[in-house]
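Novice: 3D model of this:
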Amino acid sequence: MCKTVPLDSKQDTSSAGEVPDVAEIDATDLQTKELNDRLREMMLSGIKKVNIRNVCGQRYIGTRLYTPQHLVMDIEIFGTPGNDLAAFLFGHKITVHGNAQDGVGNTMDAGEVVVFGRAGDILGFSMRGGEIYVRDNCGYRTALHMKEYNEKRPVLVIGGRAQDFLGEYMAGGIVIVLDLQGLTHQSNFIGTGMHGGVIYLRGSVESTQVGNQVAVSPLDESDRAVLDHYVSRFLERFPEVGTKKDEILHHSFVRLTPKSKRPYNKLYTY
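Specialist: Next up is the predicted model:
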């Protein structure tokens with residue numbers, strides 16, 4: 001049976017010679033720095049999971065958790081985290097029981113973020129590794145400058161829809177937008193400046209919604225294998241959506257890829 005530090009406990013668990021399996025933090029009166037300091041202290045003490053309750057706008061949660069030893073922990077957030085949740089995340093798992101604000105996964109390197117709600121603007125900005133799953137919708141400029149790094153290929157799966165400028169200047173990675181409510185994609189300027197990676201949209205888009213740098217094409221077998229894998233992972237995290245994988249995959253999809261790796265080469269002098 002796991003041991004848990006109470007919500008209001010501030011005791012030094014290491015002095016007792018025993019590290020709890022699960023710790024809890026009440027974030028009601030904690031500023032951003034205080035909360036992140038406490039998270040790092042708990043990770044360094046050997047705690048593997050932390051539940052943070054009453055979160056309301058604290059920023060950068062999960063940002064300062066890198067260690068040369070690659071220590072990892074699970075973080076469960078109850079409330080609404082502020083901007084740049086999981087920025088520079090390296091290997092940890094963060095679950096948000098609610099909505100998340102702007103900049104989730106900013107320059108994320110590895111790990112996983114799961115949002116049981118919607119996410120704000122610039123979701124996955126400059127993300128270069130790991131996976132993000134959002135049950136509902138997301139805001140503007142999602143996957144802005146997403147890129148691949150060495151063997152890492154970031155993945156972003158959205159259960160609802162995205163706003164304008166999805167995949168702007170995207171340089172790598174995989175974005176999947178499922179539109180599970182069947183409301184059709186309303187975003188415009190999709191893939192503006194895109195020069196790497198791939199976007200899969202369930203349903204269809206008009207040519208006027210897509211940037212000039214983007215080619216829209218049907219799926220091949222390798223695309224279907226990618227979707228099968230990541231839709232399965234999405235449904236494992238959000239079984240409450242009540243939709244079977246076959247129902248999702250039997251619907252039509254389109255693939256968006258860049259026409260060129262250097263869409264603005266005519267503007268350069270070299």
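Novice: Tyr133: which element?
Specialist: strand 131-134 (DSSP states H and E).
Novice: and the contacts of that strand?
Specialist: Residues outside strand 131-134 that contact it (CB atoms under 8 Å, 6 or more residues apart in numbering) are 86, 100, 104-105, 108, 111-115, 117-119, 123-124, 154-160, 233-234, 237-238. Backbone N, C-alpha and C define where each C-beta goes, glycine included.
Novice: so for the protein, the centremost residue is which one?
Specialist: Note on the chain: the residue nearest the mean C-alpha position is Ile132, at 2.7 Å, using CA atoms, centre = their mean.
Novice: give the helix, strand or coil label for Arg255.
Specialist: Here Arg255 is strand, with the state taken from DSSP: H, G, I helix; E, B strand; the rest coil.
Novice: just Asp37 next, same as before
Specialist: Quick answer, by three-state DSSP: Asp37 is helix.
Novice: what of Tyr200?
Specialist: strand.
Novice: which residue ranges of the protein form helices?
Specialist: 32-45, 221-237, 245-249 (DSSP state H).
Novice: any weak-confidence spans in this structure?
Specialist: Low-confidence segments of the chain (pLDDT under 70): 1-17, 263-270.
Novice: one more time with 90, if that's ok
Specialist: Flagging of the chain using pLDDT under 90 yields the residue ranges 1-21, 149-150, 211-213, 260-270.
Novice: tell me where it has strands.
Specialist: Ranges of strands in the chain, per DSSP state E, are 4-5, 22-26, 49-56, 74-80, 90-97, 110-115, 131-134, 155-158, 171-177, 196-202, 214-217, 253-258.
Novice: need those in a markdown table with distance to Thr243, can you?
Specialist: A markdown table is the format used below for the strands of the chain (distance: least, CB to CB, whole Å):
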| stretch | distance to Thr243 |
| --- | --- |
| strand 4-5 | 34 |
| strand 22-26 | 32 |
| strand 49-56 | 29 |
| strand 74-80 | 24 |
| strand 90-97 | 20 |
| strand 110-115 | 17 |
| strand 131-134 | 14 |
| strand 155-158 | 13 |
| strand 171-177 | 14 |
| strand 196-202 | 11 |
| strand 214-217 | 25 |
| strand 253-258 | 15 |
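Novice: for His185, find the nearest of these.
Specialist: strand 196-202 (5.9 Å; CB to CB).
Novice: report the angle between that closest one and helix 221-237.
Specialist: 70 degrees (axes from the mean of the first three to the mean of the last three CA atoms, to 10 degrees).
Novice: now strand 196-202: how far from the chain's centre is it?
Specialist: How far strand 196-202 lies from its chain's middle: 15 Å, per CA atoms, centre = their mean, to the nearest Å.
Novice: ramachandran angles for Ser204?
Specialist: Ser204 adopts backbone torsions of phi -150, psi 170, taken as degrees, to the nearest 10.
Novice: and the closest residue to it other than its chain neighbours, bridged to which residues?
Specialist: Nearest residue to Ser204, sequence neighbours excluded (CB to CB, 6 or more residues apart in numbering): Val254, at 5.8 Å. Listed beta-bridge partners, Val254: Leu201 (assigned using DSSP bridges).
Novice: residues contacting Val254?
Specialist: 200-201, 203-205, 216-219 are the contacts of Val254 under CB under 8 Å, 6+ apart.
Novice: try 7 Å
Specialist: By CB atoms under 7 Å, 6 or more residues apart in numbering, the contact set of Val254 is 201, 204-205, 216, 218.
Novice: and Leu71, how close does it get to Gln31?
Specialist: 24 Å (CB to CB, to the nearest Å).
Novice: and what of Lys261?
Specialist: Lys261 is 44 Å from Gln31, by CB to CB.
Novice: over to Gly167?
Specialist: For Gly167, the distance to Gln31 - CB to CB - is 35 Å.
Novice: more crowded one of those two?
Specialist: The residue with more neighbours, out of Gly167 and Gln31, is Gly167; 34 against 11, by other CB atoms under 10 Å.
Novice: mind listing what that one touches?
Specialist: Applying CB under 7 Å, 6+ apart to Gly167 gives the contacts 143, 175, 190-191, 194, 199.
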